[in-house]
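Novice: would you be able to build a 3D model of this:
(chains A and B)
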Amino acid sequence: GAVVSQHPSRVICKSGTSVKIECRSLDFQATTMFWYRQFPKQSLMLMATSNEGSKATYEQGVEKDKFLINHASLTLSTLTVTSAHPEDSSFYICSARRDPAYNEQFFGPGTRLTVL
Amino acid sequence: ELKVEQNPLFLSMQEGKNYTIYCNYSTTSDRLYWYRQDPGKSLESLFVLLSNGAVKQEGRLMASLDTKARLSTLHITAAVHDLSATYFCAVDSDSGTYKYIFGTGTRLKVLA
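Specialist: Numbers count the residues shown, from 1 in each chain, chains lettered A, B, ... in the order given. Below you'll find the predicted structure:
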């Protein structure tokens, strides 16, 4: 149990286009999901906390108008990178929080975004 | 500022040797998580440590947690090449927001 999927796993797009990444909890409900980005040889950086039915909470320095997050159901959160530029190229990882007692996050397989 | 520091950042070791990775943190969290990441892949959960004194073992890896010292260790016994990966620890933030704070990561290379 506790499987999280992401789609797509890899995307290449032109500068100026928008890209949507989906994060799904497959066998549990997740009122809270998280979006991270990771640059090569670095740790994970939290971008935002996605809350079902309410607005996402963004970390300091993350542009909410550029990284749109929607958490419309208990099993799906989406991250849309708007007007993508080469500096947005990164590895994006989502996670979902399942059990309140443990606060454990389960991580998706990641999405590799390359902006040309 | 809340911090999670891992030591060492890089580790190159021979097969068959033992070594320990340290994770120091500044939050008051009594839970700590260890993950493994292979190149180009996402995180794989290794251990969830839920209380002071917790010790868990899986194969050649053993993790422990001392919440009083705010320290966790990941001990590797008789390393094999397949253990080569980056290892991250993470703790709950103090803010009650369910966020994790990740450590800097330890890149382990086991030489055959």
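
Novice: drop to CA atoms for contacts and neighbour counts, all remaining ones
Specialist: Fine.

Novice: near chain B, which residues of chain A?
Specialist: A:42-44, A:49, A:93, A:102-104, A:106-110 (CA under 8 Å from any CA of the partner chain).

Novice: which bits of chain B sit near chain A?
Specialist: Proximity of chain B to chain A, by CA under 8 Å from any CA, involves residues B:41-45, B:48, B:50, B:88, B:98-99, B:102-105.

Novice: nearest residue to the residue of chain B found nearest chain A other than its sequence neighbours?
Specialist: Ranked by CA to the nearest CA, the top residue of chain B for proximity to chain A is residue B:42, at 4.9 Å. In this structure, residue B:42 finds its nearest non-sequential neighbour in residue A:109, 4.9 Å apart by CA to CA, 6 or more residues apart in numbering or on different chains.

Novice: so what's that neighbour up against?
Specialist: Contacts for residue A:109 were tallied using CA atoms under 8 Å, 6 or more residues apart in numbering or on different chains; they are A:4, A:5, A:6, A:9, A:93, B:41, B:42, B:43.

Novice: how many residues are close by the third one?
Specialist: What that stands for is residue A:6. Using other CA atoms under 10 Å in any protein chain shown, residue A:6 has 23 other residues around it.

Novice: and whatever helix or strand it lives in, C-alpha only, in CSV?
Specialist: Element membership for residue A:6, per DSSP states H and E: strand A:4-7. Output in CSV follows, covering the C-alpha atoms of strand A:4-7 (Å, rounded to 0.1, in the frame of the first residue of the first chain):
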residue,chain,number,x,y,z
VAL,A,4,2.1,7.5,-5.3
SER,A,5,2.3,8.0,-9.0
GLN,A,6,3.4,10.9,-11.1
HIS,A,7,2.7,11.7,-14.7
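
Novice: contacts for it next, please.
Specialist: A:21-26, A:94-96, A:106-111.

Novice: which pair of the residues of chain A next to chain B spans the longest distance?
Specialist: A:42 and A:102 (26.3 Å; CA to CA).

Novice: so which of these two has more stuff around it?
Specialist: residue A:102 (13 against 10).

Novice: quick check: bridge partners of the nearest residue to residue B:57 once chain neighbours are set aside?
Specialist: Nearest non-adjacent residue to residue B:57, counting by CA to CA, 6+ apart: residue B:63, 6.3 Å away. Note on residue B:63: beta-bridge partners by DSSP bridges are residue B:56, residue B:74.
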